[in-house]
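# Sequence first, predicted model second:
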Amino acid sequence: MRSPLSKKLRGGWLGNPMFALAMVLAQACAADELLPPDKPVEEAIDHYLDVRLAKDGVTAAAQANDANLLRRTMLDLVGRIPTAAEAKAFVASTDPGKRVALVDRLMASPAYVRQQTAELDAILMRGTNQSLKEYLATSLEKNVPWDQMFREMVVGQEGDAEQKGAIKFVRSRAKDTDKLTTDAGVLFFGVNVSCAKCHDHPLVPTWTQEHYFGMKSFFSRTYDVGEFIGEKEYGIVNYKTVQGESKDSRLMFLTGEVLTEPESKEPDDNAKKEEKKKLEELKKGKQAPPAATYSRRARLVEIGLKEGTQPYFARAIVNQLWNRLMGRGMVMPLDQMHDQNVPSHPELLAWLARDMQTHKYDLRRLIRGIALSKAYSRTSEWDGSKERPSDELFAIAIVRPLTPWQYGTSLRVAVASPEYFSSDLKEDEFDNRVKQMEGAGRNIAGSLEYPGDDFQVSVDEALLFSNSDKVKNELLRDGKEMLSTKLTETKERREAMDTAIWNIYSRPPADEELQALEQFLHKHEDQPAQAWKQAIWAMLTSGECRFNY
Amino acid sequence: MIEPQYAFDRRQFLRVSAAGVVGASLPFVVRRGAAADTGSGRAKSVLLVLLSGGPSQLDTLDPKPDAPAEVRGEFSAIGTTVPGVKVCEHLPKLAQQMGRWSIVRSLAHREQNHLLATHVALTGRPTPLPRGASDLDRVETRNDFPNFAAALDFLRPSQGGIPTGVSLPNYLIEGPLTWPGQHAGFLGTRHDPWQIRRDPNDPNFKVDALSLQEGVTVPRLQSRRELLETFNGGNSPLAGSGRAASLGEQQQAAFSLLTSARMATAFELGQEPAAVRDRYGRNKFGQSLMLSRRLIEAGVPVVQATMGIVQTWDTHVDNWGKLKNTLLPQLDQGLTALMDDLAASGLLDQTLVVVMGEFGRTPKISTLPGEKIPGRDHWSAAYSALFAGAGVRGGQVIGQTDYKAAYPITTAWSPADICTTIYDALGVSPDAILKDPLDRPHHLLNGAVISPLYSGAST
């Protein structure tokens, strides 16, 4: 329930539900006209983006330079900036296949799983104060298909009697069916039906109160008992219409499709008492209730993945990942993927959704495809000679705020002495050190909000990074593993300045920067250690360290 | 939950919203010298003393000595300097200062749980999402309406190193529940009030972010700042990015905060003579009120001092013991010292002080299952608050409740009216409009000014 549709669509010219349905069908049927399914993902992406650019008469920005592309790719795939050595090596390499090799190497590393886990967990469990990290880490490592993860999160995993795995998605929200309904709709189907709770959706005529309560019905039999959840086999959602009429809700999916169910009977008072007693016992014994023989949540998974209704599910995850890697979704807002909110690239969305379906909902495949596209590797700098094209064309890379995970880890990597990440280290040891940085990064950035479209910096954050013991003690302390010590001990000033820029910004220094640094260091020559700490501090707080550009 | 995403970008939103406000009339029509019986524009600051958890109206400001025993409670009522006005016996200092205060006894709203009630109390309206089955889903989100400090900061961005809002000494949060109404909601983090999370009564109290590191002087900070400007400058790969520019603006604000001695000094509680600190009471309430006074002296427009944590005033159990042993004596002492100081410095004339909880408590005394000591439960159909300063006429009671303080029997005033009174006192135009994430316009002043505060008409 949050956002306006694009204004031009408000007129209600799509007001007819039949027409809207026809649109959905048209989108599904257009599959024949899509590019062939065997085209590599990145080629399909660039094809459709180029078509739109040509149509709008816009020339895309140039490709980002190697240092920029490496930083962006590493932030997205492994959640941190490159070390100075990694950056220098990538820039120096003349191998024409180095980008593909980079993406494949990063995606095969354990850090990839950790990064994807952190980001997915932040999105899936937002506002619940609980975490799915353990489950996500195992699943992402095995590259479990997204449809299977969906099933496990909504229905539960085999052999998880303790309910400690995927089902925490439901369990953490079981006290509040409305939140569960809304979150499941948003996260798995890209639609937020909560606007239709109290009245028919004001802007989307195809969503009525019946849809809202129909969706709620999938979760209405879920209850929590002690630390566990269970599901009843009876129970109907009753609601009041705007006219004040009382209605029993049918089990209805977003498309309006109503599911038929085995007849359920409300138990009599005695049976209910008996049931309550049993639950109390379970609660006392800290045991989970037995699984329901008929589960409405299982029916949601079934219809969500059914031929014909599946595009909702597939398009939602495509849009979600696209948003994460490209800085905005093809449909914005992410939770308004309905027929009156036209995607920026409808065919591309349809193609990628089909690709998802035909490739077992392989998240890696899409992530790899996006990361290898030309669209992904454009520079974020606009030369200003022409008007800046709209973000929805993806003609220029969108500057994205780092997530707390990326930011915390990157700050730690930036202030580690280059020797700490020496290229002599064994792969395992290197990764262990990275893991330490990831852990330590939580101290610094753990309390920051997960950034959204409307990213802002609070005074609290600005103050934290302008002046605090935390920054001083964690990022600027002395030690042989710390950058500040390394720089102070480096005899040649020019060499030290180069090291600083490569280490923190993952790129070669610019002349103006060297001059400014030189002046600053000169001015504070009497206290070189302090001067370097202050210089590092200034660099760390610059915009470049806060964003993926 | 997915991050709220809006179909327009932030700048557009600001432009649109600002147009809604500025286009109609200047957002800050400060009407000084207005008729004596209004407070419009008279307050430079507002101090909101929040009694979190909901104090009992019967056992504080609206005693009912003639009510039956199961309603009346253990306390007796005492007279004040104003004939006919009685308050609870454990507010003796307040009774002696009644000439400064206006009590409003006919406040009412509909939210019976802490989270929903706190949102309505601190923003003037219910949470934007319909209420659910439990408290859990109405925790603080970025869909919430902005609180006083945040909306004011949106309309009149802070300048010169003084933040628009400072809240202290702790955030209302417990386990998985974070109380809504404490931040800028949909206006975004940059308008959040600045939150202090330290006990001013702690002898080591300091605000880390404002205490310059050892060996770092203001000139040195300035020098670092200049270097930072170079890295943020034209050569940065982010030059031209709106998002990066907004980071720069906030850093500038933080820098002003750091280098402006006014804020840093305000937090140096050691500057207060021991006798003054004693006068406020050497406890969290008293020292928070003293710090609030210092913040108001420094020019902070909205200060919120929370008296305790989430359930401090939530006296389901041992209502009378808690009130008489700690809560009321500490509040009584702290408020008295505060009012003495504000009056002595003349600041009271331009500072609106509001003391309230998110609701009141049930007239009927009850004992929770499994508990032995009785208390009172949540009650929002009638509660009381104190107002003073910035033109508020002291020595009066506004509104009356029935024989057991359950319902107002005169005009009921709502949180929307309190909200309107506060913004009006700060000089915000009645035409000020905020657009929510659905682009719907909301009058920020969504109620009526509680005019008897100024006119004394309903005494």
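Everything's here; your move.
# so where's chain A shaky on pLDDT?
A:1-32, A:202-203 (pLDDT under 70).
# The same query, at a cut-off of 80, please.
Low-confidence segments of chain A (pLDDT under 80): A:1-32, A:127, A:194-207, A:242, A:383-385, A:447, A:452-456, A:458-460, A:467-468.
# and A:Gln530, what element?
Element membership of A:Gln530, judged by DSSP states H and E, is helix A:528-540.
# Put the alpha carbons of that helix into CSV.
Provided in CSV are the C-alpha atoms of helix A:528-540 (Å, rounded to 0.1, in the frame of the first residue of the first chain):
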residue,chain,number,x,y,z
PRO,A,528,52.9,12.2,10.2
ALA,A,529,51.0,9.3,11.9
GLN,A,530,48.1,11.6,12.9
ALA,A,531,48.2,13.3,9.4
TRP,A,532,47.8,9.9,7.7
LYS,A,533,44.9,8.9,10.0
GLN,A,534,43.1,12.2,9.2
ALA,A,535,43.8,11.7,5.5
ILE,A,536,42.4,8.2,5.5
TRP,A,537,39.4,9.4,7.5
ALA,A,538,38.7,12.1,4.9
MET,A,539,38.9,9.5,2.1
LEU,A,540,36.7,7.0,3.9
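# Just the buried positions in it, please.
Neighbour-count burial for helix A:528-540 flags A:Gln530, A:Ala531, A:Trp532, A:Lys533, A:Gln534, A:Ala535, A:Ile536, A:Trp537, A:Ala538, A:Met539, A:Leu540 (criterion: 16 or more other C-beta atoms under 10 Å in any protein chain shown). The C-beta positions use only the backbone N, C-alpha and C, and glycine is treated the same way.
# could you dump the residues you listed to a markdown table with distance to B:Thr315?
Output for those, formatted as a markdown table (distance: C-beta to C-beta, whole Å):
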| residue | distance to B:Thr315 |
| --- | --- |
| A:Gln530 | 53 |
| A:Ala531 | 57 |
| A:Trp532 | 56 |
| A:Lys533 | 51 |
| A:Gln534 | 52 |
| A:Ala535 | 55 |
| A:Ile536 | 52 |
| A:Trp537 | 48 |
| A:Ala538 | 51 |
| A:Met539 | 53 |
| A:Leu540 | 48 |
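# And the helices in the stretch 301-450 of chain B?
Applying DSSP state H, counting those that start in this stretch to the stretch 301-450 of chain B gives helices spanning B:319-322, B:328-345, B:415-425.
# mind putting these in CSV, mean pLDDT included?
Listed next are the helices of the stretch 301-450 of chain B as CSV, based on pLDDT from 0 to 100:
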stretch, mean pLDDT
helix B:319-322, 96
helix B:328-345, 98
helix B:415-425, 98
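# closest to B:Leu51 out of the ones you listed?
Closest to B:Leu51 of the helices of the stretch 301-450 of chain B, according to C-beta to C-beta: helix B:328-345, at 7.6 Å.
# Pull the residues that contact that closest one.
Identification of contacts with helix B:328-345 by C-beta atoms under 8 Å, 6 or more residues apart in numbering or on different chains yields B:47, B:49, B:51, B:60, B:88, B:90-94, B:96-97, B:100, B:276, B:279-281, B:283, B:285-286, B:288-290, B:292-293, B:296-297, B:307, B:348, B:351, B:353, B:355, B:386, B:388-389.
# Please identify the buried residues of it?
In helix B:328-345, counting by 16+ other C-beta under 10 Å, buried: B:328-342.
# ok, now stretch B:271-288?
Under 16+ other C-beta under 10 Å, the buried positions of stretch B:271-288 are B:Glu272, B:Arg277, B:Arg279, B:Tyr280, B:Gly281, B:Asn283, B:Lys284, B:Phe285, B:Gly286, B:Gln287, B:Ser288.
# who are the neighbours in contact with A:Leu120?
A:Leu132, A:Leu136, A:Leu140.
# neighbour-wise, which of those leads?
A:Leu136 (25 neighbours; other C-beta atoms under 10 Å in any protein chain shown).
# Over to it. Which of the three states is it?
At A:Leu136 the chain is in helix, as set by DSSP: H, G, I helix; E, B strand; the rest coil.
# can you list the residues of the stretch 151-300 of chain A near chain B?
The stretch 151-300 of chain A comes close to chain B at residues A:Lys175, A:Asp176, A:Thr177, A:Asp178, A:Lys179, A:Asp183, A:Val186, A:Leu187, A:Ser194, A:Lys197, A:Cys198, as judged by C-beta under 8 Å from any C-beta of the partner chain.
# Near A:Gly230, how many other residues are there?
If you count neighbours by other C-beta under 10 Å, A:Gly230 ends up with 18.
# pretty sure it is in a strand, no?
Yes. Under three-state DSSP, A:Gly230 falls within a strand.
# That one and A:Thr222 touch, don't they?
Yes. The pair A:Gly230 / A:Thr222 is scored as a contact, 7.5 Å apart, by C-beta atoms under 8 Å.
# Now render the helices of the stretch 301-450 of chain B as a markdown table, adding distance to A:Lys286.
Formatted as a markdown table, the helices of the stretch 301-450 of chain B follow (distance: least, C-beta to C-beta, whole Å):
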| stretch | distance to A:Lys286 |
| --- | --- |
| helix B:319-322 | 34 |
| helix B:328-345 | 42 |
| helix B:415-425 | 42 |
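# Quick one: closest of the ones you listed to A:Asp469.
helix B:328-345 (29.9 Å).
# ok, back up a step: and which of the buried residues of stretch B:271-288 is nearest chain A?
B:Ser288 (18.9 Å; C-beta to the nearest C-beta).
# Check what pLDDT that closest one gets.
Reading off the confidence values, B:Ser288 has pLDDT 98.
# Is it in contact with B:Pro200, as I believe?
Yes. The criterion here is C-beta under 8 Å, and B:Ser288 meets it with B:Pro200 at 5.4 Å.
# so what sits against both of the two?
B:Leu168, B:Pro169.
# Go through the helices of the stretch 301-450 of chain B and name the closest to B:Gln159.
Of those, nearest to B:Gln159 by C-beta to C-beta is helix B:415-425, at 19.0 Å.
# okay, the contacts of A:Leu120 in a markdown table with distance to B:Asp66 next?
Shown next, in a markdown table, are the contacts of A:Leu120 (distance: C-beta to C-beta, whole Å):
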| residue | distance to B:Asp66 |
| --- | --- |
| A:Leu132 | 59 |
| A:Leu136 | 63 |
| A:Leu140 | 69 |
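# Redo those residues as a markdown table? Include distance to chain B.
Shown next, in a markdown table, are the contacts of A:Leu120 (distance: C-beta to the nearest C-beta, whole Å):
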| residue | distance to chain B |
| --- | --- |
| A:Leu132 | 13 |
| A:Leu136 | 16 |
| A:Leu140 | 19 |
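# quick one: which of the buried residues of stretch B:271-288 sit in helices?
When DSSP state H is applied, those are split such that B:Arg277, B:Arg279, B:Tyr280, B:Lys284, B:Phe285, B:Gly286, B:Gln287, B:Ser288 fall in helices.
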